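Novice: Predicted model and sequence below, questions to follow.
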2 protein chains.
Amino acid sequence: MRVGILGSGLMGGKLGTIFARAGHEVVFSYARTSEKLKKLALDSQGNARAGTPGEAAKDADAVLMAVHWSRIDDVLKQAGGLSGKVVVTCSLPMDSGNTKLIIANTSSGAEELAKKVTRAPVVSAFNTVPSECLFGVFEAKRKSTRPSLVHCGDDQSAKDVAAKLIHDAGFDPVDAGPLRIARYTEPFALLVAQLAYEQEGGPELAYRFERFKK
Amino acid sequence: MRVGILGSGLMGGKLGTIFARAGHEVVFSYARTSEKLKKLALDSQGNARAGTPGEAAKDADAVLMAVHWSRIDDVLKQAGGLSGKVVVTCSLPMDSGNTKLIIANTSSGAEELAKKVTRAPVVSAFNTVPSECLFGVFEAKRKSTRPSLVHCGDDQSAKDVAAKLIHDAGFDPVDAGPLRIARYTEPFALLVAQLAYEQEGGPELAYRFERFKK
């Protein structure tokens, strides 16, 4: 697949690297400097290059929305039309100080993003784990039981694309249902962040759902 | 420990049974009929009996708040003073139709309950798994890796009591921090419910946090 990375920070940089190593064609865009984008592309050791948001979106099968919430409108403007592309978003609707959700309960960041990109199906994914676990999960994928990763969206073929990327990153994709379930997954992301960054044990946290039948 | 069950429905009935089987002294209270309470006590095959909410609270080390949110004030009134007792709550602040949280993001059910019982420390626990997994987890506890169970609260000794009950029920207690983290754990409970009841695989769902270091 061709994957455009919109926002090449902690999440976008690592996920783009992993997608490239998994064999996808990746364009990194939207970082503080173009040098950072070039370094990410080089370090990925895969089929990756640096580009503008417009170049990342052009001909992409999927784009990863990984900017801070305050940058959504700007990156969408720079990316141009996303019509028909699968938009996988891991952007949480946080305030500028990253202390709380500014959209919650009666809507979600994913649903608000979907209202902005009405001609592109949105899937919420990759926001429920900290970036610190990503390389560990990717490298462990043949050795251990995969951790889960929840995703949700209203378009089944778009969810299939997201599930493929989730699987290629070393996770077990868990379909949590329609996009409105992001009202639950986004606060869950903050729970995971709390456990990863504020409690003991280190930030490389992931989770796995299991069934316990009697 | 002496554990009073306030609300002996799906969660309270099963958890009280498990606490009794784990060796605690349990009083079941607040069900539709006193026959149901007596049957729960008998079927638990442990040190358990039926009682009023006042009897469940009297001399208890901990009380489990497991009523529907709409019943909180009524059961508190019937239980009388909970001063000094550890209040472990699994009650989610749902609307009467059980479709959505009526308190979220800027507060939580656990925090609102804490405002009502100012002389008793509140710990939020046991609400992030469906009742259907409880017996399976309890019976598997010597055979498999324990699932996690998050809890949060502002009083460390109360959290120690809750963690002991969580451990005795077969889970690995995960301290998620202060009571305000219930703003994240309560929506997470709805995510787990969505996966348990609306997606494939059956409702006996639990979760485990794991670290994936590079």
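Specialist: Structure's in. What do you need? Numbering: from 1, shown residues only, chains lettered A, B, ... in the order given.
Novice: Model confidence score at residue A:107, please.
Specialist: According to the prediction, residue A:107 has pLDDT 98.
Novice: How about the secondary structure of it?
Specialist: Local secondary structure at residue A:107 is given as coil here, using DSSP: H, G, I helix; E, B strand; the rest coil.
Novice: so it sits right up against residue A:179, yeah?
Specialist: No: counting by CB atoms under 8 Å, residue A:107 stays clear of residue A:179, with 10.2 Å between them. In short, each C-beta sits where N, CA and C put it, glycine included.
Novice: Could you check which of the two is surrounded by more residues?
Specialist: In this comparison of residue A:107 against residue A:179, neighbours counted by other CB atoms under 10 Å in any protein chain shown, the higher total goes to residue A:179 at 25 against 15.
Novice: Number of residues surrounding residue A:199?
Specialist: By the measure other CB under 10 Å, the count of residues near residue A:199 is 17.
Novice: ok, so what distance separates the nearest residue to residue A:159 once chain neighbours are set aside from chain B?
Specialist: Nearest residue to residue A:159 in three dimensions, chain neighbours excluded: residue A:153, at 4.9 Å (CB to CB, 6 or more residues apart in numbering or on different chains). From residue A:153 over to chain B the distance is 14 Å, taken as CB to the nearest CB, to the nearest Å.
Novice: List the contacts of residue A:153.
Specialist: By CB atoms under 8 Å, 6 or more residues apart in numbering or on different chains, the contact set of residue A:153 is A:110, A:121, A:122, A:123, A:124, A:159, A:162, A:178, A:179.
Novice: Show me the two of these that sit farthest apart.
Specialist: Every pair in the contacts of residue A:153 was compared (CB to CB); the two farthest apart turn out to be A:162 and A:178, at 13.6 Å.
Novice: The two: who's more crowded?
Specialist: When neighbours are counted by other CB under 10 Å, residue A:162 comes out ahead of the other of residue A:162 and residue A:178, with 28 against 15.
Novice: excluding its backbone neighbours, what's nearest the more buried one?
Specialist: Across the structure, with CB to CB, 6+ apart as the measure, the residue nearest residue A:162 apart from its sequence neighbours is residue A:123 (4.0 Å).
Novice: Just name whatever secondary elements the helix or strand encompassing that neighbour is in contact with.
Specialist: Assigned by DSSP states H and E, residue A:123 belongs to strand A:122-124. The helices and strands touching strand A:122-124, judged by 3 or more CB pairs under 8 Å, 6 or more residues apart in numbering or on different chains; DSSP states H and E, are strand A:86-89, helix A:109-116, strand A:148-153, helix A:156-168, helix A:182-197.
Novice: rerun that using 6 Å as the cut-off
Specialist: Taking 3 or more CB pairs under 6 Å, 6 or more residues apart in numbering or on different chains; DSSP states H and E as contact, the helices and strands that strand A:122-124 lies on are strand A:86-89, helix A:109-116, strand A:148-153, helix A:156-168.
Novice: what's the closest of these to residue A:183?
Specialist: Here helix A:109-116 is closest among the helices and strands packed on strand A:122-124 (CB to CB), at 7.8 Å.
Novice: Buried residues in the closest one, which are they?
Specialist: Buried residues in helix A:109-116, defined by neighbour count with 16 or more other CB atoms under 10 Å in any protein chain shown: A:109, A:110, A:111, A:112, A:113, A:114.
Novice: Out of those, which is nearest to residue B:95?
Specialist: The shortest separation between residue B:95 and any of the buried residues of helix A:109-116 is 19.7 Å, and it belongs to residue A:111 (by CB to CB).
Novice: do you know how far the closest one is from residue B:187?
Specialist: With distances taken as CB to CB, to the nearest Å, residue A:111 is found 14 Å from residue B:187.
Novice: Equivalent analysis for residue A:174, please.
Specialist: Looking at residue A:174 against residue B:187, where the rule is CB to CB, the gap reads 16 Å.
Novice: swap in residue A:90?
Specialist: Going from residue A:90 to residue B:187 by CB to CB gives 17 Å.
Novice: Look at the two and report which has more neighbours.
Specialist: Neighbour comparison, residue A:90 and residue B:187: the larger count goes to residue B:187, with 27 against 22 (by other CB under 10 Å).
Novice: is it true that that one touches residue A:185?
Specialist: No: judged on CB atoms under 6 Å, residue B:187 makes no contact with residue A:185 at a distance of 8.4 Å.
Novice: so residue A:25 sits right up against residue A:1, yeah?
Specialist: No: using CB under 6 Å, residue A:25 is not in contact with residue A:1, being 7.2 Å away.
Novice: What distance do you get for residue A:56 to residue A:4?
Specialist: Distance check for residue A:56 against residue A:4: by CB to CB, it reads 3 Å.
Novice: Common neighbours of these two, please.
Specialist: Common contacts of residue A:56 and residue A:4, defined by CB atoms under 6 Å, 6 or more residues apart in numbering or on different chains, comprise residue A:27.
Novice: who's in contact with stretch A:201-214?
Specialist: Counting by CB under 6 Å, 6+ apart, stretch A:201-214 makes contact with A:129-130, A:132-133, A:136-137, A:147-148, A:195-197, B:133, B:135-137, B:140, B:202, B:204-213, all of which sit outside it.
Novice: Show me what the residue nearest to residue A:159 is bridged to.
Specialist: When bridges are taken as DSSP bridges, the partners of residue A:153 come out as residue A:123.
Novice: quick one: secondary structure of residue A:84?
Specialist: Reduced to three states with three-state DSSP, the structure at residue A:84 is coil.
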